[in-house]
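Asks: only the shape, not the letters, is given here:
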């Protein structure tokens, strides 16, 4: 999955009062792009309620997702940059400023997207710039730079 092709929804300057609202924002982007139904957003929240804040995968970054399900219509990503970080309850990676919503049709696609994201976000300087991005165009440009485009 090409990262920029999958990323149909990019929102910056968003506000959430808690982690559930932050995930709902990511889910809204997945729904509006046609990748998932509203049920998938509920599944993402339920996954954190059942398993804890495992989705907070790096300082300031949450990868909101759930298992592939009938609520996933196609693979997709959403991007939500928050104006003020929220706590997910993670011991070392809180607070979160960026939530990336991930919808995958199967386990292999899920791993492929996570690998592509990890590569794009591995440069610390670029990651900090992505966290501070103020427009969808800026996010796209930084991600294109990471892909060598």
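Replies: Happy to help now that I have it. Just so we're clear, the structure is a prediction, and the values are computed from it rather than from any experiment.

Asks: sticking with the one residue sitting closest to the centre of the chain, tell me its helix or strand.
Replies: By C-alpha atoms, centre = their mean, the chain has its centre lying nearest to residue 100, at 0.6 Å. Element membership for residue 100 (DSSP states H and E) is strand 96-103.

Asks: that strand packs against which elements?
Replies: Where contact means 3 or more C-beta pairs under 8 Å, 6 or more residues apart in numbering; DSSP states H and E, strand 96-103 is packed against helix 19-32, strand 61-64, strand 76-86, helix 107-121, helix 124-131. (C-beta placed from N, C-alpha, C; glycine too.)

Asks: can you name the residues that contact residue 31?
Replies: Contacts were defined as C-beta atoms under 8 Å, 6 or more residues apart in numbering; by that measure residue 31 touches 37, 38, 40, 41.

Asks: rerun at 10 Å
Replies: 9, 37, 38, 39, 40, 41, 71, 73, 76, 78, 101, 103 (C-beta atoms under 10 Å, 6 or more residues apart in numbering).
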